[in-house]
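1. show me the folded form of this:
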Amino acid sequence: MSVLLRTSPDPEESRTRANLKAEAEAPQTEGVVSRLPADRSAIPQASRPLDVVVCGLGYVGATMAACLLGQGHRIVGIDMNPEKTAALARGESPIVEPGVDHLLAVGHAEGRLSGSDDIGECVTKADIVLVCVGTPSRPDGSLDLSQVVKVCHDLADAIRCRPDGAQPILCVFRSTMLPGSMEETVIPTLARAVGEAPGSRYEVAYNPEFLRESTAVADYFSPPKIVVGERQPGASQRLLGLYDGIEAAWSEVPLAVAEMVKYVDNSFHALKVAFANEVGRIATCLAIDPQAVMDIFVSDTKLNISPYYLKPGGPFGGSCLPKDVRALNAFLRERALTAPVLENILASNAVHKEFLAERVRSAAPEARRVLLLGLSFKSKTDDLRESPLVDLAGRLVAAGYELEIYDPDLRREKLLGANREFALQHLPDLSQLLISDVSEAALRVDVAVVGKPMPQALAVLPPELPVVNVHLL
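-> As a prediction, the model looks like this:
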């Protein structure tokens, strides 16, 4: 019997082993946090101390204030809750987060921390404003941006009072907001209230946070990445050196990209938890040790825990993934087990197939002649079984398009067995659709559709021929 896989695991023992393993592998942030204030050299110091206003003293704002103090900046904290502002003004943390209280106390003792309820006076002297107010859920799940809007109006009043000729103040929003919020809500609100668009008297940026509660200080000084959304390239001015000395990959991107990254991260984290728990429920019901299964799963950093399969583009296909997911779902039904994530994988893939077909139809609504580059489910194989491109070809033919298909991986005489049966079942006229000269075919079609990487074929397409890429979105 395998040491890792037991037919009758003790659930309590499994949980104990998992907890011990998680504790052993967890980052030892407590020791790091406790050393930071005592050893100033452990904290990257600001090359130029800034006057920073932090609006919103919840978990993000209070942590930001503490860490910026540790770097040598001067901080004024503002919150709609006067108790939080008063606590900060005394050098006390308004939240429970390891290391924050110590950093705030040190900054307060050095005279670099204060609290205020007057944003106008603070902004007059500030270099940068960090907006960290809450964006809670409404009953229907949508975001409530009322606190963000209120801060915009307060900021606008203060910006109008800044002396003429003052350097434009940089307003950095860190509140979690859906894509489009900066351009559709924040900037228009500020522009109307200030009386002018950003650029002259003020500038805006979006800087999503990636802090985890209980390890937030360590995460701040060792972030997984730094993402800055800009109204136009260079507008964020590299956040005036706010992150100087902190090593992380920088991404300066359009505002909506930065907003979406935050939601992609959190959705993926939630998906991972839900997926792991579904695996755990299935394994437990089968008297299989779920920790052993997932330990093996996460040990694969080539395919499982890696960038592989995470590029938006074509649906999955081939002889393995659809068959195995379908079989697992049938197995779940037989055992009366519920796993909503696993049960909806095929449905999501089907939605994506239709999305790509509509993308082709929308790109060339008047075109009737289409050249499809690729038919097998991936490059360097002739496997057509459950290929999304076979599905796309079938949809185009059914819609009345004159279709020609070029795929250098296919040979008519090599299509045998189940591969041939699947192809003829979905494309009975496949032999008439396949062409061998892509340059000649390109002269008689209205649009080309790229189904898989094919640089040599793309190189011979006429430059005026519209191209729709369904391999990469």
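
2. quickly note the distance from Ser222 to Glu252.
-> Distance of Ser222 to Glu252, computed by C-beta to C-beta, to the nearest Å: 20 Å. All C-beta spots, glycine's among them, are computed from the backbone N, C-alpha and C.

3. who's more crowded, these two?
-> Each of Ser222 and Glu252 has its neighbours counted (other C-beta atoms under 10 Å); Glu252 has more, 18 against 14.

4. show me how far the helix or strand harbouring the more buried one is from its chain's centre.
-> Using DSSP states H and E, Glu252 maps to strand 250-254. Offset of strand 250-254 from its chain centre (C-alpha atoms, centre = their mean, to the nearest Å): 13 Å.

5. was I right about Ala89 contacting Gly115?
-> Yes - with contacts counted by C-beta atoms under 8 Å, Ala89 reaches Gly115, the gap being 3.3 Å.

6. between those two, which is the more surrounded one?
-> Higher neighbour count among Ala89 and Gly115: Gly115, with 24 against 16, using other C-beta under 10 Å.

7. next one, pLDDT for that one please.
-> Gly115 carries a pLDDT value of 96.

8. please report phi then psi for it.
-> phi -120, psi 150 (degrees, to the nearest 10).

9. just grab the bridge partners of it for me.
-> Gly77 (DSSP bridges).

10. next, the contact list for it, please.
-> Gly115 makes contacts with Val76, Gly77, Ile78, Thr85, Ala86, Ala87, Leu88, Ala89, as judged by C-beta atoms under 8 Å, 6 or more residues apart in numbering.

11. buried members of those into PyMOL, please.
-> Remark: buried members of the contacts of Gly115, expressed as a PyMOL selection using 16 or more other C-beta atoms under 10 Å:
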select buried, resi 76+77+78+85+87+88+89
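
12. which of the contacts of Gly115 lies closest to Gln167?
-> Checking those against Gln167 by C-beta to C-beta gives Val76 as the nearest, at 17.6 Å.

13. distance of that closest one from Gly120?
-> Taking C-beta to C-beta, one finds Val76 at 12 Å from Gly120.

14. quick check: buried residues in stretch 271-285?
-> Residues Ala276, Glu278, Val279, Gly280, Ile282, Ala283 are the ones in stretch 271-285 that count as buried (16+ other C-beta under 10 Å).

15. I'd like the distance from it to the chain centre, please.
-> Computed by C-alpha atoms, centre = their mean, the chain-centroid distance of stretch 271-285 equals 22 Å.

16. what mean pLDDT does it get?
-> Stretch 271-285 comes out at a mean pLDDT of 98.

17. ranges for the strands of the stretch 301-450 of the chain?
-> Using DSSP state E, counting those that start in this stretch, the strands of the stretch 301-450 of the chain run over residues 369-373, 402-406, 447-450.

18. among those strands, which comes closest to Val106?
-> So among the strands of the stretch 301-450 of the chain, strand 447-450 is nearest, using C-beta to C-beta, at 57.6 Å.

19. how many other residues sit next to Glu110?
-> By the criterion of other C-beta under 10 Å, Glu110 has 12 neighbours.

20. same check on Gln45?
-> 13.

21. before we move on, what about Ser379?
-> What Ser379 shows, counting by other C-beta under 10 Å, is a neighbour count of 14.

22. I'd guessed it sits against Leu410; true?
-> No - assessed by C-beta under 8 Å, Ser379 is found out of contact with Leu410, at 11.6 Å.

23. which one in the chain is furthest away from the centre?
-> Here the chain reaches farthest from its C-alpha mean at Glu413, the gap being 44.9 Å by C-alpha atoms, centre = their mean.

24. what's the closest non-adjacent residue to Glu93?
-> I think there's a mix-up here, since residue 93 is Ser and not Glu. Asp101 (3.9 Å; C-beta to C-beta, 6 or more residues apart in numbering).

25. wait, doesn't that neighbour sit right on Glu92?
-> Yes - with contact defined as C-beta under 8 Å, Asp101 reaches Glu92; the gap is 6.7 Å.

26. so which of those two has more stuff around it?
-> A side-by-side neighbour count of Asp101 and Glu92, using other C-beta under 10 Å, places Asp101 first with 19 against 14.

27. give the contact list for the more buried one.
-> In this structure, Asp101 makes contact with Ala66, Glu92, Ser93, judged by C-beta under 8 Å, 6+ apart.

28. now, those residues that are in strands?
-> Among the contacts of Asp101, no member falls in strands (DSSP state E).

29. could I get the residues you listed in TSV, plus columns for pLDDT and distance to Glu386?
-> Below are the contacts of Asp101 laid out as TSV (pLDDT from 0 to 100; distance: C-beta to C-beta, whole Å):
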residue	pLDDT	distance to Glu386
Ala66	98	53
Glu92	97	61
Ser93	97	56
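
30. now, those residues that are in helices?
-> Ala66 (DSSP state H).

31. and the contacts of Asp101, which is closest to Arg368?
-> Checking those one by one against Arg368 (C-beta to C-beta), the nearest turns out to be Ala66, at 63.9 Å.

32. ok, which stretches of the stretch 51-200 of the chain are helices?
-> 59-70, 82-89, 100-109, 119-125, 146-161, 181, 187-194 (DSSP state H, counting those that start in this stretch).

33. what's the distance between Val172 and Gly245?
-> From Val172 across to Gly245, the span is 18 Å (C-beta to C-beta).

34. who has more neighbours, the two?
-> Between Val172 and Gly245, Val172 has the larger neighbour count (other C-beta under 10 Å), namely 22 against 12.

35. returning to that earlier point: closest one to Ala42 out of the contacts of Asp101, please.
-> The nearest member of the contacts of Asp101 to Ala42, counting by C-beta to C-beta, is Ala66 at 14.4 Å.

36. and the one helix or strand Gln291 maps to, what does it pack onto?
-> Here Gln291, judged by DSSP H and E, is contained in helix 290-299. Under the contact criterion of 3 or more C-beta pairs under 8 Å, 6 or more residues apart in numbering; DSSP states H and E, helix 290-299 touches helix 11-25, helix 255-285.

37. try 6 Å
-> Packing partners of helix 290-299 (3 or more C-beta pairs under 6 Å, 6 or more residues apart in numbering; DSSP states H and E): helix 255-285.

38. tell me the angle the helix it packs on makes with helix 187-194.
-> In terms of direction (axes from the mean of the first three to the mean of the last three C-alpha atoms, to 10 degrees), helix 255-285 departs from helix 187-194 by 140 degrees.

39. helix 255-285 to helix 290-299, inter-axis angle?
-> Using the same axes, to 10 degrees: helix 255-285 against helix 290-299 is 140 degrees.

40. roughly how far out does helix 255-285 sit from the chain middle?
-> 11 Å.

41. likewise for stretch 154-166?
-> From the chain centre to the centre of stretch 154-166 is a distance of 35 Å (C-alpha atoms, centre = their mean).
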